[in-house]
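In: Fold the following, please.
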Amino acid sequence: MGGDRDIGWAESVALELAILWLVQHDFADCEVIVRGDNTGVIGAFNKGRLCNISQNAAIHRMASSLVPFNIMILPTYVTSLANRADPVSHGALGPLDLHLNCSCILPPELSNFLSYA
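Out: Sure thing, here's the model as predicted:
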């Protein structure tokens, strides 16, 4: 990845992609529970900042996306064993009928790093 774009940044981007999906599919005036197994990302999101410049930029983009639509994200810790997304992060994508059929318009800051989202 390079620079300060490490696994923490990548997991922050995963949360950002979920938020982009919510916003681009007209969610508004709601609370959304997001379960994850990365305490660093959960803590940084709740705090609104981190020492990592790239993660801070992701947090800023997330907040900028959420506020206009009055969406509140409630990040909740789950163990890796209980994290239903954990197999996906290891390449086990599961049956096609359970895949979310969608795409998101990526912000320019991410389009250089992701070819498909």
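In: Quick one: the strands in this protein, in order.
Out: All strands of the chain, identified by DSSP state E, fall at 30-36, 71-77.
In: residues in contact with residue 21?
Out: Applying Cβ atoms under 8 Å, 6 or more residues apart in numbering to residue 21 gives the contacts 100, 102, 104. For the C-beta atoms, the positions are set from N, CA and C on the backbone; glycine is no exception.
In: Repeat the analysis, applying 10 Å as the threshold.
Out: Residue 21 sits next to 27, 100, 102-104, 117 when contact means Cβ atoms under 10 Å, 6 or more residues apart in numbering.
In: Can you get me a residue count around residue 104?
Out: In terms of burial, residue 104 registers 19 neighbours under the definition other Cβ atoms under 10 Å.
In: Could you shift the numbering so residue one becomes 59, and keep it that way?
Out: From this message on, residue numbering opens at 59, which makes the last subject residue 162.
In: what about the nearest residue to it once chain neighbours are set aside, distance to residue 68?
Out: Taking Cβ to Cβ, 6 or more residues apart in numbering, and ignoring the residues beside it in sequence, residue 162 has residue 78 as its nearest neighbour in space, at 4.4 Å. As judged by Cβ to Cβ, to the nearest Å, residue 78 and residue 68 stand 15 Å apart.
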